[in-house]
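Engineer: Sequence below, structure please.
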Amino acid sequence: MVLPITLNQSLIMTNELENLFVEQVKTIHSEMDKGTSKGAAFLGWRNLPNEISAGELESILAVAGKLRKAAELVVVIGVGGSYLGAKAVQDALSPYFERKSEDPEVIYAGQNLSGTYIKQLLNYIDGKEVAVIVISKSGTTTEPAIAFRILLEYMQCRYGSSVTERIVAITDKSEGALREMAIHLGFTSFIVPDTIGGRYSVLTPVGLLPLAVAGIDIKELLAGAKDAMRAYSTADIGSNQAYEYAALRNFLLVEGYNIEILASFSPRFATFHEWWKQLFGESEGKDGKGIFPAAVAYPTDLHSLGQYVQEGQRMLFETFVQFEKTEDDCAIPFSTDNLDGLNYLSDKTMNEINEVTLRATMQAHDDGGVPLIHLTVGKHDAYHIGYLIYFFELSCTMSAYLLDVNPFDQPGVEKYKKNISKLLEKPGSVV
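Structural biologist: From the prediction side, this is the model:
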């Protein structure tokens, strides 16, 4: 079977890989199946592509349809996993400069505390037909909570009692401030599953509703994830690319490479880099352990970080993500005067040159002593992005378990939140 993703690790030395990790991976896989691994209560994403019901999916699509009909612009409020997954997929699958006339513009708020950003957002949406999707498990996380308070006041002043038709909450099923607000004010709501943490939630209503509103084919997204779930159901490293990638990462860490750079040559993939960084950073970075996740957008970053990657300290490795097929391309024209000397390229397209640049970069970095992992994705579409999401979620979980850390908590994040509460003198905060 030819899988939608291929993993090429022939550029790095992995003779010891199976001896180091094969039995450990099998044990961890068995523990996940039995529900005895660390944080097993949050493994709900693992079988989600099979378990999401047709009824829930149709409900998401129905609400998305109502928002698309009512609004020309939809503000999605969230932070971290509550927005990154949706924005990553939206950016990866949307045109660069224009959208279909029937698709509303989808913008984001609550991911920062910039008053300038929110003020300019309010100015921008004024005069447009607006709807809001607010996403928060608790409803009290500072960044999205403040943004929603401001946007809620704006929406109530503008739309009055009909505002309930323009706001959708995605939150806890029974508890928290946002759930109480949804009940009290009569918003339509969806549930953030108890068994799925924020950074693993893109294939739940957290990601699916904003994406459906944006015109993304969420059924194809889920179909890709479902096929990945089936393909990666075995405990054998040799037959499971997600586990092989996790083992490769940990092998390189043992060899002294503690920084991973995710590299791509597609500008639309930039926000996906951010989702990937959160996924691996929050899942692995604890107890003094973890591989530091960084990302580059080549060829742009070849003119900045490229020098360091080529000749700097040898503590990093690169994972290249390459899409084999893209929908649009542009040919290099022939010039009669050839003043720029580029006629030697006139029989080529930009995507062909981009692919050559990728191969040249990998060869240069390999020559410079950088270990390389190469992920080739069949096509740049919703199905393959869904497949890739599941691949990374599963490999990240296994990688964290190989480090003997809980992939699903983030105790370090709470520190700054507590400091904010103390400094802002929140009632009940410990001084």
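Engineer: Around residue 348, count how many other residues there are.
Structural biologist: As a burial measure, residue 348 scores 13 neighbours (other CB atoms under 10 Å). Any C-beta I mention is one placed from the backbone N, CA and C, and that applies to glycine too.
Engineer: Let me see the contact set for it.
Structural biologist: When the contact criterion is CB atoms under 8 Å, 6 or more residues apart in numbering, the partners of residue 348 are 331, 332.
Engineer: can you pull the pLDDT of it?
Structural biologist: pLDDT recorded at residue 348 is 96.
Engineer: From residue 303, how far out is it?
Structural biologist: Computed with CB to CB, to the nearest Å, the distance linking residue 348 and residue 303 is 21 Å.
Engineer: go on, residue 155?
Structural biologist: Using CB to CB, one gets 44 Å for the distance from residue 155 to residue 303.
Engineer: who's more crowded, those two?
Structural biologist: Neighbour count, other CB under 10 Å: between residue 155 and residue 303, residue 155 has more, with 21 against 9.
Engineer: Would you agree that one is in contact with residue 132?
Structural biologist: Yes. Proximity of residue 155 to residue 132 meets the contact threshold set by CB atoms under 8 Å, at 6.2 Å.
Engineer: Flag the shaky bits of the protein, pLDDT-wise.
Structural biologist: Per-residue confidence of the chain (counting by pLDDT under 70) places the weak regions at 1-3, 9-18, 429-431.
Engineer: In the longest strand that it contains, which of the residues would be classed as buried?
Structural biologist: Longest strand in the chain, counting residues (DSSP state E): strand 316-325. Applying a neighbour-count criterion of 16 or more other CB atoms under 10 Å, one finds 316, 317, 318, 319, 320, 321, 322, 323 buried in strand 316-325.
Engineer: Tell me the first helix or strand C-terminal of the host helix or strand of residue 397.
Structural biologist: Residue 397 is part of helix 382-402, with elements assigned from DSSP states H and E. For helix 382-402, the succeeding helix or strand toward the C-terminus, using DSSP H and E, is helix 413-423.
Engineer: Pull the number of nearby residues for residue 328.
Structural biologist: Other residues within reach of residue 328 by the criterion other CB under 10 Å amount to 9.
Engineer: Please renumber the chain so that the first residue is 106 from this point on.
Structural biologist: Understood, numbering begins at 106; the last thing we discussed is residue 433.
Engineer: How much space separates it from residue 456?
Structural biologist: For residue 433 relative to residue 456 (CB to CB), the value is 8 Å.
Engineer: One more: residue 465?
Structural biologist: Relative to residue 456, residue 465 is positioned 15 Å away (CB to CB).
Engineer: ok, now residue 223?
Structural biologist: Remark: distance between residue 223 and residue 456 (CB to CB) = 38 Å.
Engineer: Kindly report the same for residue 262.
Structural biologist: According to CB to CB, residue 262 and residue 456 sit 48 Å apart.
Engineer: residues in contact with residue 428?
Structural biologist: With contact set as CB under 8 Å, 6+ apart, residue 428 has these partners: 371, 482, 483, 484, 485, 489.
Engineer: Settle it for me: which of residue 262 and residue 456 has more neighbours?
Structural biologist: More neighbours surround residue 456 than the other of residue 262 and residue 456, with 17 against 9 (other CB under 10 Å).
Engineer: check which helix or strand covers the residue nearest the centre of the chain.
Structural biologist: Ranked by distance to the mean C-alpha position of the chain (CA atoms, centre = their mean), the top residue is residue 380 at 3.1 Å. Of the helices and strands defined by DSSP H and E, residue 380 is found in helix 375-389.
Engineer: now the angle from that helix to strand 421-430?
Structural biologist: Using axes from the mean of the first three to the mean of the last three CA atoms, to 10 degrees, one finds that helix 375-389 and strand 421-430 are set 140 degrees apart in direction.
Engineer: what's the angle from helix 375-389 to helix 487-507?
Structural biologist: With the same axes, to 10 degrees as the criterion, the two stretches helix 375-389 and helix 487-507 enclose an angle of 20 degrees.
Engineer: Given the helix or strand following helix 375-389, what are its sheet partners and their directions?
Structural biologist: Using DSSP H and E, the helix or strand that directly follows helix 375-389 along the chain is strand 397-402. The strands that strand 397-402 pairs with in its sheet are strand 364-369 (parallel) (by DSSP bridges).
Engineer: So for the partner strand, what gets flagged as buried?
Structural biologist: When burial is assessed from 16+ other CB under 10 Å, strand 364-369 yields the following buried residues: 365, 366, 367, 368, 369.
Engineer: Which residues does that strand contact?
Structural biologist: 354, 357, 377-378, 381-382, 385, 396-403, 414, 420-427, 466.
Engineer: picking up where we left off before, remind me what the helix or strand just after the longest strand of the chain packs against, helices and strands.
Structural biologist: Next helix or strand after strand 421-430 toward the C-terminus (DSSP H and E): helix 455-472. Under the contact criterion of 3 or more CB pairs under 8 Å, 6 or more residues apart in numbering; DSSP states H and E, helix 455-472 touches helix 411-416, strand 421-430, strand 477-484.
Engineer: number of nearby residues for residue 491?
Structural biologist: Quick note: residue 491 (other CB under 10 Å) scores 27 neighbours.
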